[in-house]
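Chemist: Need coordinates for the below:
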Amino acid sequence: MAALLQPNINSLQSTGENRSVPPSPSCSPGRNDCSIAPLTPSPSPRAVLRPRVARPFSVVVAIDFGTTSSGYAFSFTQDPEAIHMMRRWEGGDPGVANQKSPTCLLLTPELRFHSFGFAARDSYHDLDPEEARHWLYFDKFKMKIHSTSDLTMETELEAVSGRRVRAIEVFAHALRFFREHALKEVKDQSSSVLEGDEVRWVITVPAVWRQPAKQFMREAAYLAGLVSPDSPEQLLIALEPEAASIYCRKLRLHQVIDLSTRPTANGMEADGSRLFDSSFRQAREQLRRSRHSRTFLVESGTGELWSEMQTGDRYIVADCGGGTVDLTVHQIEQPQGTLKELYKASGGPYGAVGVDLAFEAMLCQIFGADFIESFKAKRPAAWVDLTIAFEARKRTAAPGRANALNISLPFSFIDFYKRHRGQSVETALRKSNMNIVKWSSQGMLRLTPEAMKELFQPTIDNIIKHIEELMRKPEVQGVRFLFLVGGFAESPMLQQAVQAALGRSCRIIIPQDVGLTILKGAVLFGLDPTVVRVRRCPLTYGVGVLNRFVEGRHPRDKLLVKEGREWCTDILDRFVAVDQSVALGEVVRRSYTPARPGQRKIIINIYCSATDDAVYITDPGVRKCGAITLDLPEPAPGTAGADRREIRTTMQFGDTEIKVTAVDVVTNRSVRAAIDFLSN
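Modeler: Predicted coordinates for the structure are as follows:
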């Protein structure tokens, strides 16, 4: 086939086994594409026992980077049954288990790192109000990555004071903090001197995050110095509900709370005691006893709960975190205990932060949105105090509670309101006609049980609705277990609602250390990344190609005449389709040749769609989402075939990230290949 040469560096053409499909030329409307050959359908994944990967690393360190709280844990590869939790944090909240630290970051006015976690929160609180306006305090900033549709390396985050800084720098500061703490603790417990390349790092992200957000976390890790971009295999991105699922495989019966085993009425045991309170009192006591060592032992095989399962049994993991709720559906494969994803990850921004936002909306309703915005800007540290006070009371909310919850209003709130409005907080409450919120003469808002229910209900309804919609999918029929994990799963309000809505259709299981489930699972994933054997593609991915134009089948506006031949432009040629099963290790191979001698770079634009019925890259819902770049080294003088080089690319879609490698067929040398989802 005659080469379709084009005058731009992006141009290339398909070659080798796929000569029939030339590239889509640069005259396509608004496009600058290359081609790959039509996707050969992936074979059905075979149920074979995958050999465990060789362990070149001495230790695995996992960082659970959460919306509201974060932490790390590690395990030495010579003793993989022992998972070591991080040291207790200085500071912390009375009555709250401080196994993790708040995801808060404080930067100096000169944008230098000051502190993270409890230290950041307390330092910010102690600043003079005027001084605080110049410092940069970030809280719950992970949600920005989820909510930004056009995420790039230049995306900015806004501090409480209103100042802005690049998001990648904020995340890098946080990861650098964890790197320093984790390495110090690992070295304290290691009998030998550890080199940097002996540590495998794992960072958790929501499964519903798209490729740009996953790449963003990887770039932040490079910037933080966790690993070098030259050793990408040292860093794994773990999906949060998947990590939880991996840990749940190890559970013994005494390590779970089965909400389905006890008769309840309005969240009460048959004897009238509170089910959810008593369950978690028991769980917390067990945790307290084990905390002196901070080392958790896990089963070497699968746990007792899994022994009840048959090959083919299905279960849902609902990761209810601070920012998102993330659902994954897995099937257990016996006897090896590997996992197979049955339906693409789903979820949304229905985490515990929704309750905080409802509380803020309630304050706006009572005191006026303009006042709340002014208070946040002028008294930022006092606003943080108020959110901390609400967080502590939110954790104690439970169904069936008879008395009101008291939330202390900072003195500066009461004083600022009187100056701003010329009336008291008590007067504002009375005028608002909000009967479910009262005023205490001790300077407290009294939220009645009805008020707390109103704050929780929209978020809880969203979670239950999403789980119910998932359970109606044909691929998810017959689910036996629903595992509730994540920090929000500790809430008795959520537990009771999920049990009432779904308890008849499946068993609802909560691991006792529910807030640490993802962290422990991430360590296990780092020890054996092959445990999830089959995943589902969240989107359709492909590139634009030319095909022979067929009159009556292809629209006339796609017709291109080149060297006397008629071609149809902009056809979407798929790598993989949405919800397609892809086994770990399965690859898509394509070959390219540069459009002209001496070309040093090949750029292949990638398109994606949420459906599998797109025909053209210009169809509604199809968008350019990334690009593959192949850097071509200069061939040695006299190399045979140098004027007609063939670059064979291999793409892997079965991992948590899309990966690409490339080889120069003539020389059999690796070609530098990169896939970028952040530069659109």
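Chemist: Going by C-alpha atoms from here, please, whenever you check contacts or count neighbours.
Modeler: Will do.
Chemist: what's near enough to touch Ala451?
Modeler: Ala451 sits next to Ile436, Val437 when contact means CA atoms under 8 Å, 6 or more residues apart in numbering.
Chemist: That one: helix or strand, and which one exactly?
Modeler: Assigned by DSSP states H and E, Ala451 falls within helix 449-471.
Chemist: Now do the helix or strand just after that helix: distance to the chain's middle.
Modeler: Downstream of helix 449-471, the next assigned helix or strand under DSSP H and E is strand 479-485. Centroid separation for strand 479-485 versus its chain: 19 Å, with CA atoms, centre = their mean, to the nearest Å.
Chemist: Stretch 654-661 now?
Modeler: Between the centre of stretch 654-661 and the centre of its chain there are 16 Å (CA atoms, centre = their mean).
Chemist: What are the buried residues along that stretch?
Modeler: Using 16 or more other CA atoms under 10 Å as the test for burial, stretch 654-661 gives Gly654, Asp655, Thr656, Glu657, Lys659, Val660, Thr661.
Chemist: Now render the residues you listed as a markdown table, adding distance to Thr593.
Modeler: Compiled in a markdown table, the buried residues of stretch 654-661 are given as follows (distance: CA to CA, whole Å):
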| residue | distance to Thr593 |
| --- | --- |
| Gly654 | 26 |
| Asp655 | 27 |
| Thr656 | 29 |
| Glu657 | 26 |
| Lys659 | 20 |
| Val660 | 17 |
| Thr661 | 15 |
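Chemist: ok and the helix holding Ala451 relative to strand 479-485, angle-wise?
Modeler: 140 degrees (axes from the mean of the first three to the mean of the last three CA atoms, to 10 degrees).
Chemist: Settle this for me: Thr338 is touching Arg535, isn't it.
Modeler: No: counting by CA atoms under 8 Å, Thr338 stays clear of Arg535, with 11.7 Å between them.
Chemist: count of neighbours near the residue nearest to Tyr247 when sequence neighbours are not counted?
Modeler: Distances taken as CA to CA, 6 or more residues apart in numbering put Gly521 closest to Tyr247, at 4.4 Å, once the chain neighbours are dropped. Neighbour count for Gly521, taken as other CA atoms under 10 Å: 29.
Chemist: Okay, and Gly521 sits in which element?
Modeler: helix 517-527.
Chemist: Disregarding residues adjacent in the polypeptide, which is nearest to Asp370?
Modeler: Nearest one to Asp370, counting by CA to CA, 6+ apart, is Cys364 at 7.8 Å.
Chemist: Pull the number of nearby residues for the one you found.
Modeler: For Cys364, the neighbour count with other CA under 10 Å is 15.
Chemist: again, but for Met85
Modeler: Neighbourhood size, Met85 [other CA under 10 Å]: 24.
Chemist: The residue lying farthest from the centre of the chain and Arg548, how far apart?
Modeler: Using CA atoms, centre = their mean, the residue of the chain lying farthest from its centre is Gly564. It sits 50.4 Å away. Plainly put, Gly564 is 12 Å away from Arg548 if you go by CA to CA, to the nearest Å.
Chemist: likewise Arg600?
Modeler: Arg600 is 29 Å from Arg548, by CA to CA.
Chemist: between these two, which one's more packed in?
Modeler: When Arg600 and Arg548 are compared for neighbours, Arg548 comes out ahead with 16 against 13, by other CA under 10 Å.
Chemist: what sits against the more buried one?
Modeler: Neighbouring residues of Arg548 by CA under 8 Å, 6+ apart: Glu566, Trp567, Cys568.
Chemist: Any chance of the buried residues of stretch 654-661 in TSV with secondary structure, pLDDT and distance to Phe456 as columns?
Modeler: Formatted as TSV, the buried residues of stretch 654-661 follow (DSSP: H, G, I helix; E, B strand; the rest coil; pLDDT from 0 to 100; distance: CA to CA, whole Å):
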residue	secondary structure	pLDDT	distance to Phe456
Gly654	coil	90	37
Asp655	coil	92	36
Thr656	coil	93	32
Glu657	coil	93	34
Lys659	strand	91	40
Val660	strand	92	44
Thr661	strand	91	47
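Chemist: farthest pair in those?
Modeler: Thr656 and Thr661 (16.0 Å; CA to CA).
Chemist: where along the stretch 551-680 of the chain do the strands fall?
Modeler: Secondary structure of the stretch 551-680 of the chain (DSSP state E, counting those that start in this stretch): strands at 559-562, 565-576, 581-583, 587-594, 601-609, 623-631, 647-652, 659-664, 669-676.
Chemist: closest to Gly400 out of these?
Modeler: Evaluated over those, closeness to Gly400 peaks at strand 581-583, with 44.4 Å, by CA to CA.
Chemist: what about the closest one, distance to the chain center?
Modeler: The chain centre lies 20 Å from the centre of strand 581-583; the measure is CA atoms, centre = their mean.
Chemist: can you check stretch 553-568 too?
Modeler: Worked out by CA atoms, centre = their mean, stretch 553-568 lies 43 Å from the chain centre.
Chemist: what do you get for stretch 370-390?
Modeler: Relative to the chain's own centre, stretch 370-390 is displaced by 28 Å; criterion: CA atoms, centre = their mean.
Chemist: Kindly export that stretch (C-alpha atoms) in PDB.
Modeler: Extracted as PDB, the C-alpha positions of stretch 370-390 are listed here (Å, rounded to 0.1, in the frame of the first residue of the first chain):
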ATOM      1  CA  ASP A 370     -23.000  36.100  52.400                       C
ATOM      2  CA  PHE A 371     -22.200  36.000  56.200                       C
ATOM      3  CA  ILE A 372     -20.800  32.500  56.100                       C
ATOM      4  CA  GLU A 373     -18.600  33.300  53.100                       C
ATOM      5  CA  SER A 374     -17.300  36.500  54.800                       C
ATOM      6  CA  PHE A 375     -16.600  34.600  58.000                       C
ATOM      7  CA  LYS A 376     -14.700  31.900  56.200                       C
ATOM      8  CA  ALA A 377     -12.500  34.500  54.500                       C
ATOM      9  CA  LYS A 378     -12.000  36.800  57.500                       C
ATOM     10  CA  ARG A 379     -11.800  34.200  60.300                       C
ATOM     11  CA  PRO A 380     -10.400  31.100  58.500                       C
ATOM     12  CA  ALA A 381      -9.000  29.400  61.600                       C
ATOM     13  CA  ALA A 382     -12.300  29.800  63.500                       C
ATOM     14  CA  TRP A 383     -14.100  28.300  60.500                       C
ATOM     15  CA  VAL A 384     -11.800  25.300  60.700                       C
ATOM     16  CA  ASP A 385     -12.600  25.000  64.500                       C
ATOM     17  CA  LEU A 386     -16.300  24.900  63.700                       C
ATOM     18  CA  THR A 387     -15.800  22.100  61.100                       C
ATOM     19  CA  ILE A 388     -13.800  20.100  63.600                       C
ATOM     20  CA  ALA A 389     -16.500  20.500  66.200                       C
ATOM     21  CA  PHE A 390     -19.100  19.300  63.700                       C
END
